[in-house]
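In: need a structure here:
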Amino acid sequence: MNSLPNEPQESIETPSEPTGKNEPGKVPSTSEKKQSITWIKQPAAIISLVMVLLALFLLADWLMSGSKPARTEPTLTPSATAPLTAPVVQVEPQDPSTSAPSPTPLETRVVPTPTATVVPRTEVITYTLAEGDSISSVAEKFGLWPESIIWANRYELGDDLNLYTLGRQIYILPVDGVYHVWTQGESLRAVAEFYGVTTDVIIDYPANHLDRATLGGLTSPNIPAGTHLVVPGGTIPNYFADSSLLSYPAVSLLRSLPLGTPEDFPAPRDRVVAYEVQPGESIFGIAEKFGLKAETVLWANRYIIGDTPDGVYAGQKLIILPSDGVFHAWSYGEGLNGVARNYQVSVDTILDEPSNHLETASLGDYSLPRIKTGTFLFIPGAVGSTPSWVTPVGPGEDGIGSHPNVSYLGAFACNATANQMGTGFWQLPTGRTGISGYEYNPPVHNGLDYDGETGDALYATDSGVVIYAGWSDRGYGNTIVIDHGNGYLSLYGHLMDGGVAVGCGQVVYSGSVIGYMGSTGNSTGSHLHFEIRYNGSPVNPHGFGL
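Out: A predicted model of the protein is given here:
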């Protein structure tokens, strides 16, 4: 612990009485002693002596006080590599000096991590991720936006949401905003502008312990490198929330909705409700009961059942909208004009819907409105789109190959340099021809569900290169995608655990075994979900004799 410099003790020596003009070693005579005594007895002499002593005392005091160091204002100086167990300090400030000396770092005192609560506070705390935690659920516990969790931990974890694992300690800000680590040479004015706030917001926030008396200029402030600063209300420009943040809000919302039947909530309804799937029901039958289109039910539940209705099962709860339209899950970075345009409606359609509870006065700029990630907006009359898991890639665009980008499906996409053109002759992807469950019925079901048993062999429907091999977060479970090199892609979903028999980037040939049937992901029984897409759009496999 660095302490304030010790003040030197003042020491004043009293001068000796004068001894006349005696030379060293010479013994004064009796007459000299008498003269000395006589001089001391004179009133004027006594006054003069007192004045001399007083002058010497004042001179010594002035010299000693001039050598004292100025007092410094202690400033928080956490290290950028400090453990997350000590993110907060409480500092008892010293009386500031009139000058602006360099801050003296003090030892930190850790504030224990409290129970998760939305009670207002000003200090930064740490939280250990527990079983079942997600970024969205932790944000809800502390009354924050999900982005505030990510922006508080970006120096340690970046934007990789997979690093938020069980047992990981993370920073929790007291308010929505950004946690900034100061770098030497930064300008406070530039930092504030980058995050979209004023310098006063940063300086005056209590947890930052910044004193204007010792801060210096805004261009080159007296802030040590490594200091963590809370930026209340700050945002990171050009940031777009990950769609994985939307599953928890969807499930949380579903649990809060009133549960009932079509008889309990007959059309026309004025609110969003929940419905429990009965044995033997499909999305098509449920939609008909509530007077809705099947795609309305699918789009309202995409963050619960994924992009395919294969996983709807008896006892599952689904979100039911008041009328046909879209239930849009808001992501930070979106704009109201863009969302409205995408669904072919006006902005007023979104703003005027009573169930959305949007107040235009508090939204701010429509290009980046103050709408929390995970907020669900009912957009009546909106026209959704068929989910596209394919994005074209130009030659050399990503520095590797020219295969389409299918990373929308999950983390197991690749773009290998290998190439293999399909033959154009298609064969069945399984040894059975029976359809189990859904036929090709876009935009709700964009492929075929082939019947079968777990462990049945699956075949490449034509030659090509594997560009996805692994788990998909979009409801397909274990998934394989083959690029046939002629604009066509084929997808094989719900493979059994351990049933992916090819690697990403591998060349496969028509009829070769690529995996084994299962029921992973959103699935209620063993089957193969099979899709063919041309230039990204779904096509009917029956058109190829399949």
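In: Any buried residues in stretch 203-213, and which?
Out: By neighbour count with 16 or more other Cβ atoms under 10 Å, stretch 203-213 contains the buried residues 203, 205, 207-211. Every residue, glycine included, has its C-beta placed from N, CA and C.
In: what's the distance between that stretch and the middle of its chain?
Out: Put simply, stretch 203-213 sits 25 Å off its chain's centre (Cα atoms, centre = their mean, to the nearest Å).
In: One more: stretch 463-479?
Out: Counting by Cα atoms, centre = their mean, stretch 463-479 comes out at 27 Å from the chain centroid.
In: and that stretch, average pLDDT?
Out: When pLDDT is averaged along stretch 463-479, the result is 91.
In: what comes up buried for that stretch?
Out: 463-479.
In: Likewise for stretch 268-280?
Out: By 16+ other Cβ under 10 Å, the buried positions in stretch 268-280 come out as 269, 272-275, 277.
In: so how far is the first residue of it from its last?
Out: Length of stretch 268-280, first residue to last, Cα to Cα, to the nearest Å: 26 Å.
In: Who are the contact partners of residue 231?
Out: Residues near residue 231 by Cβ atoms under 8 Å, 6 or more residues apart in numbering: 177-180, 191-192, 195, 197, 201-202, 205.
In: Kindly report the same for residue 313.
Out: Taking Cβ under 8 Å, 6+ apart as the test, what residue 313 contacts is 277, 524.
In: give me that answer again for 6 Å
Out: residue 524 (Cβ atoms under 6 Å, 6 or more residues apart in numbering).
In: What score does it have for pLDDT?
Out: For residue 313, the model assigns a pLDDT of 84.
In: Most widely separated two among the buried residues of stretch 203-213?
Out: 207 and 211 (13.5 Å; Cβ to Cβ).
In: ranges for the strands of the stretch 251-400 of the chain?
Out: Secondary structure of the stretch 251-400 of the chain, counting by DSSP state E, counting those that start in this stretch: strands at 273-276, 317-320, 325-329, 376-380.
In: For the ones you listed, give me CSV that also has distance to residue 252 and mean pLDDT.
Out: Converted to CSV, the strands of the stretch 251-400 of the chain look like this (distance: least, Cβ to Cβ, whole Å; pLDDT from 0 to 100):
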stretch, distance to residue 252, mean pLDDT
strand 273-276, 12, 95
strand 317-320, 12, 94
strand 325-329, 12, 92
strand 376-380, 10, 94
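In: Tell me which of those sits nearest to residue 153.
Out: Per Cβ to Cβ, nearest to residue 153 of the strands of the stretch 251-400 of the chain: strand 325-329, 22.8 Å.
In: strands paired with that closest one, and their directions?
Out: strand 376-380 (antiparallel) (DSSP bridges).
In: what's in contact with stretch 516-530?
Out: 305-306, 310-311, 313, 429-430, 436, 447-456, 458, 475-478, 493-496, 499.
In: Would you mark the buried spots in that stretch?
Out: Quick answer for stretch 516-530 (16+ other Cβ under 10 Å): 516-523, 526-530.
In: Now do the end-to-end distance for that stretch.
Out: Stretch 516-530 end-to-end distance (Cα to Cα) = 13 Å.
In: cool, and stretch 226-240?
Out: Taking Cα to Cα as the measure, stretch 226-240 stretches 27 Å from start to finish.
In: tell me which residues of it are tucked away?
Out: Under 16+ other Cβ under 10 Å, the buried positions of stretch 226-240 are 226-232, 234-236.
In: Greatest separation within those residues: which pair is it?
Out: 226 and 235 (23.0 Å).
In: Residue 200 sits in which helix or strand?
Out: Using DSSP states H and E, residue 200 falls within helix 199-203.
In: what's the following helix or strand after that helix?
Out: Taking DSSP H and E, what comes next after helix 199-203 is helix 212-215.
In: thinking residue 432 is in contact with residue 452, fair?
Out: Yes - using Cβ atoms under 6 Å, residue 432 is in contact with residue 452, at 5.2 Å.
In: ok, the two, which is more surrounded?
Out: Set residue 432 next to residue 452 and count neighbours by other Cβ atoms under 10 Å: residue 452 wins out with 21 against 16.
In: For the more buried one, give me its contacts.
Out: Residue 452 sits in contact with 430, 432, 517, 526, where contact means Cβ under 6 Å, 6+ apart.
In: Relative to residue 128, how far out is the third one?
Out: This points to residue 517. Counting by Cβ to Cβ, to the nearest Å, the gap from residue 517 to residue 128 is 41 Å.
In: Mind pulling up the pLDDT for the spatially most central residue of the chain?
Out: Centrality entry for the chain: nearest residue to the mean C-alpha point is residue 150, 2.2 Å, by Cα atoms, centre = their mean. As predicted, residue 150 sits at a pLDDT of 93.
In: Let's verify it: helix, strand, or coil?
Out: Under DSSP: H, G, I helix; E, B strand; the rest coil, residue 150 falls in the helix class.
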